[in-house]
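Student: Quick one: sequence plus predicted model below, questions after.
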Amino acid sequence: MHKQKIALIVAAAIGMLSIFLPWANVPLLGSISGTSSNIGWIMFVLFGITLAVILFLGDRKKAVDQKDLKQIAGIIAPAAIAALIAIWQMISFNSSMKGLGADNPYAALLSSSVSLGIGLYIAIIAGIAVVAIIYLMKDKEKKKTTK
């Protein structure tokens, strides 16, 4: 198998595993993983689609063909959407924590102690890595030389 495809498989698999990691750390309750919401499972499926396209489309011994737009879109789009969903979850989490303690000091104390977990960060990194690997680890075109 080509090195690029191995790297893509690893990045997509890490993205799939990120939903099982903590997305939020809450005092007294512990950590909350992505499996506790439908959003996490949607991200799992999106990274799974990326993985399936890598495994079942194209020649395994060659890098992803840069001219095959269906294959490129099938790999990049789901991973990028999953990364955007993770970014949206982070923004939503931060905005809800800021607005929580506006009039209640106990809620303000709780919101200051709740933190984001590593799972969302890893999902974002995995989605970005898939996009980067496609373009950074491509085969170099062989130039024809004439004598």
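Tutor: Thanks, I have the structure now.
Student: what's downstream of the helix or strand bottoming out on mean pLDDT in the chain, the next helix or strand?
Tutor: Each helix and strand of the chain was given a mean pLDDT (mean pLDDT, DSSP states H and E); the minimum falls on helix 105-113 at a mean of 65. The C-terminal neighbour of helix 105-113 among helices and strands, as given by DSSP states H and E, is strand 115-116.
Student: as a whole number, average confidence for that next one?
Tutor: For strand 115-116, mean pLDDT is 80.
Student: now what about that strand, what contacts it?
Tutor: 23-25, 90, 93-94 (C-beta atoms under 8 Å, 6 or more residues apart in numbering). All C-beta spots, glycine's among them, are computed from the backbone N, C-alpha and C.
Student: Could you check how far the biggest helix by length in the chain is from the centre of its chain?
Tutor: Longest helix in the chain by number of residues, with DSSP state H as the criterion: helix 69-100. Mean-position distance between helix 69-100 and its chain equals 8 Å (C-alpha atoms, centre = their mean, to the nearest Å).
Student: name the helices or strands packed onto it?
Tutor: Helices and strands touching helix 69-100, by 3 or more C-beta pairs under 8 Å, 6 or more residues apart in numbering; DSSP states H and E, are helix 3-17, helix 38-56, helix 105-113, strand 115-116, helix 118-136.
Student: could the contacts of strand 115-116 go into a markdown table alongside distance to residue 54, pLDDT and neighbour count?
Tutor: Shown next, in a markdown table, are the contacts of strand 115-116 (distance: C-beta to C-beta, whole Å; pLDDT from 0 to 100; neighbours: other C-beta atoms under 10 Å):
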| residue | distance to residue 54 | pLDDT | neighbour count |
| --- | --- | --- | --- |
| 23 | 25 | 83 | 27 |
| 24 | 30 | 82 | 20 |
| 25 | 32 | 81 | 15 |
| 90 | 26 | 88 | 16 |
| 93 | 30 | 80 | 17 |
| 94 | 33 | 77 | 11 |
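Student: Mind putting these into a markdown table with distance to residue 3?
Tutor: Putting the contacts of strand 115-116 into a markdown table (distance: C-beta to C-beta, whole Å) gives the following:
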| residue | distance to residue 3 |
| --- | --- |
| 23 | 31 |
| 24 | 36 |
| 25 | 36 |
| 90 | 31 |
| 93 | 36 |
| 94 | 37 |
